[in-house]
Structures are given as structure tokens and as C-alpha cells.
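K.L.:
Fold the following, please.
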Amino acid sequence: MFSLSFILTFALYAVLTNAHLAAWNDGMYCRNGPQTADDENASAPVTPLYMLPKSLWWFHHVDGCDQFPPPEGQFLELPAGKEFTVEIASNRATTTLSYDGQYISDWVDGQPHTDAFHGSDDCITDPNIHTQNETMAAGTAFAISYQSDLSKVTPENLVVFSVRYHTPWKRLTSYAVPSALPACPPGGCICAWGWVPNGCGQPNIYHQGFRCKVTGATSMAPVAVAKPPVWCEGDASKCTKGAKQMIYWNQLDGNNVHVSGYDFSGNPKSPAYSQKLGFFDGAQNDIFAPPSQGYPTDSSSGSGSQAIPSVSGLGPKATSSVLSITASSVSMPASSVSMPASSVSMPASSVSVSMDTSSTSAILPTSMATNSAVVSGPTTTRTTTTTSTASIRPPAAVATQVLPPASGGLSSGHCHHRSDSHSNGTRSSTKRGIAIHRRRHRRGPRIDSTSW
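P.N.:
Purely as a prediction, here's the structure:
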């Protein structure tokens, strides 16, 4: 009589034969498949995507995986400047997320292999990792969108931030995170894992969703709008520079990469997360935009710059209006002015400083706005007349700070082996000036840059 363990092992082997792959970890969508009940044998995320309309392949909507997010508060954590690890496997059962990890091995299918293993015709088809050996593995990637709502993610705001050459290969795979990657909004970011097989079967793609968050973030650098990668093998000048989109290929619509002909090795061109499309191995440190582009809110649709909120979210827009102080009058139109905790002495003679609201604005993190005294109110004009030539001295605690200008048919899931199966309210001033920031006290609360 066979034991339950033997029967389960045999059943898993039958299911995993000729299987495909997904990245498994906390924060993933469809961990239980397209259902809420726990399923330790889930495999829906591993289904490849081929010749589908974008409405179906985008974040695996074809089987409803995008409708089953992780539990509330669960995220894939991305440590800024460090690495995170996922389990690439052909079934949840062969990861540590199921059966207490008793069916795992070093390999994606839970079976014992050697580093030199290969399948028929020099292609590894069991497990179906679409490669001849590790050095020819096409490469996998993670991308991030600073949106908390998956429905607001677009190819333009989903930016590849980490690539791992020569994967998929073994189960445990680590990805490097750019040290300048900023924190996500309070609801987290949306991430995606992707892979495009290079030959050895159907030329499909993988597009899998995660809810993620950046930990240990110290930067507020905005992530640029992503552009489609282009084939640039042998000529780096042709590569897309900076932030790049994930690879979308061989679908009915929504493709962003088009190739034809043969690569330098004589094989049909196949787009991959490699230097052939301008992707570096490891953290993609060229994805950031100049700060002058501003920091849009996380509700942007992707038509502009990426949203880069702080941990506590984006704060109010700090806008400065005209502030004029002379020996005879003080005029202050409505303004919203924040003051850092510093002071500056002014001469006894008249002082005149102006600010052009129309050309100066910035969006500050909520935590910064909270720690700064804010002066705001309705439009008022106060005039004081003096008969002497003595100057009006400003309050003891006055500081200046320059604010930066703002800028305005369903795949069956089986890849039959074919080595050649590729398919080709304030008043504006006319004079630019500097912002005057006032505090109600001589010293204000200290701003900890690591808290926003």
C-alpha cells in the first residue's frame, strides 16, 4: 500500500512535468491561484502568455490572477541599496510557501539536477526553462510602479529597476535594488516580475504582479517615465537610455518591442532582459529623472513623471507669493510659506524681498510640511507710515530658502519545443525672486530625512 507522501509526490511530479515558472514570495498576486482559499499546490501564475489581447495578458488577467491581491499589509520588501530574494518555481508546492518546504530542491521543479543537466536537442524542456544551459538563460527582471492601485499602472509608469542575467536557472534568485529608489506611498507600490524565453519553445512572455514596498529609503529622487527598450546588440548608442519599460512581445496588441532577422550568434532575434536591449545586470541605476521634473501625486495615470511620495505620502504644495518689506510699508498678499529652523540677520536699512509665485513651487513630503510652521490665510494688506528714516527691523528668526521651480486565442500553457519558433489664489509678480520662509519660534523641530 502506497503512503500518502508517495502519492502526493507522484502527483506533484505529474503536474510539474513540462511546467513553466513564476516568482514566489510574500506580496504576490494569485498566491492561491484565482481563488481566496489556500491552495498549496497553486500553479496559475506560471502560465505563459502568448498571442493574447492586452486586456488579458496585462498582469495575468487571462485567468483572473490580477483580481486576487495579497492579504492586507503583506508586501514584497525591496531594501534600498541591497538585495531581495524570491523563489522561482514551477508550482507553489516546490517552494517554502507550501508543505513546510518538504518538496523543495535547489532547482525550480523540486527535483535533483546537476549544473550540467539538459534536455533533448540541447534544450532543457523538463523543467521547461527555455534554455540550453545557464549561460544562455535569457534573464529575468523586476519593475516598479509608484501606484498603489493596480488599475492605474501603465507601461509608462512601470519601470524596470532590477535585472538578473542568466536566469531563470535555480530556485533561489536574488535581485539588487538601486540605493536611490525612493519610498512607496502608504498603500505600497505595484511591482511586476517578467521573463521572455530565448528559443527552445514557444516565444511567450511572463507578466506577474506583486504588491511591494521599498524599505530603508533615503532618497526622494523621482523615477522617470519609462520608454520601450529597443534592440541594440553591438551598438550601445542605439539603446534606450534611462528608465525602460518591461518587454511586451508576441501578443495580439500592446507589444512595445519589434525585432526581425538574426542576432550575432546566428539565431532568430529574441528580445531579452540583457545587454541586447540595453539592460544592465543588477540594479538599474539610470532610471531616475532630474528633480526639476517635480513629484506628481501617486494618482497620476502614467502620462507624466513617476510619483515619488514619502512613506507618509505627499504633502501640500508649498507656494510662495510676493513679500515686500520697506521702511515705510509692509505688504503681504495671501501666501503659504514654510520656514526651516534657521535665521538670518538683516541690515538696519530698508529691506525689500520679492517672490514670484508663478515661477516657484514645490511639493513637500507630508512629514516635512508637518514639521515646519506654516503661515497661511486670506489676502490682507497692512500699511504702516513712519515719519522718521529709521528702518523697520524684521523679526529675529527669519530664514531664506530657494525653492526649485516646478515643471509643468488563449495559450494552453504548454510550450511545444521548437528551436526556430520565433515570431517577428495668490498674486503673481513680474520679478523673479526668492522665497521667504518664517517660523513662529527661533528654532523649529528637527527634520529627520530618514522619516520621509
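K.L.:
Going along the chain, name the helices of the protein.
P.N.:
4-16, 54-57, 366-371 (DSSP state H).
K.L.:
neighbours around the closest residue to residue 216 other than its chain neighbours, how many?
P.N.:
Computed as C-beta to C-beta, 6 or more residues apart in numbering, the closest residue to residue 216 that is not its neighbour in sequence is residue 80, at 4.8 Å. The way it works is simple: take the backbone N, C-alpha and C, and place the C-beta from them, glycine included. The number of residues packed near residue 80 is 18, by other C-beta atoms under 10 Å.
K.L.:
that older thread, worst mean pLDDT among the helices of the chain?
P.N.:
Ranked by mean pLDDT, these end with helix 366-371 at the bottom, a mean of 36.
K.L.:
quick one: terminal-to-terminal distance for stretch 173-184?
P.N.:
Length of stretch 173-184, first residue to last, C-alpha to C-alpha, to the nearest Å: 23 Å.
K.L.:
Give me the buried stretch members for that stretch, please.
P.N.:
By neighbour count on 16 or more other C-beta atoms under 10 Å, the buried set for stretch 173-184 is 173, 175, 176, 177, 178, 179, 180, 181, 182, 183, 184.
K.L.:
just stretch 183-191 next, same as before
P.N.:
183, 184, 185, 188, 189, 190, 191.
K.L.:
So which other helices or strands are in contact with the lengthiest strand in the chain?
P.N.:
Using DSSP state E to define each element, the chain has its longest strand at strand 206-215. Where contact means 3 or more C-beta pairs under 8 Å, 6 or more residues apart in numbering; DSSP states H and E, strand 206-215 is packed against strand 22-24, strand 76-79, strand 189-195.
K.L.:
angle of the last one against strand 206-215?
P.N.:
It refers to strand 189-195. Put simply, strand 189-195 runs at 140 degrees to strand 206-215, going by axes from the mean of the first three to the mean of the last three C-alpha atoms, to 10 degrees.
K.L.:
Averaged pLDDT, the longest strand of the chain. What do you get?
P.N.:
Per-residue scores along strand 206-215 average to 98.
K.L.:
Any buried residues in that strand, and which?
P.N.:
206, 207, 208, 209, 210, 211, 212, 213, 214, 215.
K.L.:
What is the most widely separated pair among these?
P.N.:
By the measure C-beta to C-beta, 206 and 215 form the most distant pair in the buried residues of strand 206-215, at 25.4 Å.
K.L.:
if I look at the nearest residue to residue 217 once chain neighbours are set aside, how far off is residue 236?
P.N.:
Nearest residue to residue 217, sequence neighbours excluded (C-beta to C-beta, 6+ apart): residue 183, at 3.9 Å. Look at residue 183 and residue 236: by C-beta to C-beta, to the nearest Å, they are 32 Å apart.
K.L.:
what does residue 259 give?
P.N.:
The value you get for residue 259 to residue 236, if C-beta to C-beta is used, is 17 Å.
K.L.:
Tell me which of those two has more neighbours.
P.N.:
residue 259 (19 against 10).
K.L.:
Might you report the residue contacts of that one?
P.N.:
Contacts for residue 259 (C-beta atoms under 8 Å, 6 or more residues apart in numbering) come out as 231, 269, 270, 271, 424.
K.L.:
Which residue in these has the weakest pLDDT?
P.N.:
Across those, the bottom pLDDT score, 46, is held by residue 424.
K.L.:
would you turn the buried residues of strand 206-215 into a markdown table with distance to residue 57?
P.N.:
A markdown table is the format used below for those (distance: C-beta to C-beta, whole Å):
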| residue | distance to residue 57 |
| --- | --- |
| 206 | 10 |
| 207 | 6 |
| 208 | 11 |
| 209 | 12 |
| 210 | 17 |
| 211 | 20 |
| 212 | 21 |
| 213 | 26 |
| 214 | 27 |
| 215 | 30 |
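K.L.:
okay, and for the protein, where does confidence drop off?
P.N.:
The chain contains residues with pLDDT under 70 at 1-19, 116, 118-121, 292-452.
K.L.:
ok, now with 80
P.N.:
1-19, 115-121, 125, 291-452 (pLDDT under 80).
K.L.:
Burial check on residue 133, number of neighbours?
P.N.:
15.
K.L.:
shouldn't residue 106 be in contact with residue 170?
P.N.:
Yes. At 5.4 Å, residue 106 and residue 170 qualify as touching, with contact defined as C-beta atoms under 8 Å.
K.L.:
Next, the distance between the ends of stretch 269-282.
P.N.:
The first residue of stretch 269-282 is 23 Å away from its last residue (C-alpha to C-alpha).
K.L.:
Ok, stretch 172-191 next?
P.N.:
Span of stretch 172-191 from end to end, C-alpha to C-alpha: 19 Å.
K.L.:
can you tell me how far the residue lying closest to residue 49 once chain neighbours are set aside sits from residue 178?
P.N.:
Spatial nearest neighbour of residue 49, excluding adjacent residues (C-beta to C-beta, 6+ apart): residue 57 at 4.2 Å. Separation of residue 57 from residue 178 (C-beta to C-beta): 27 Å.
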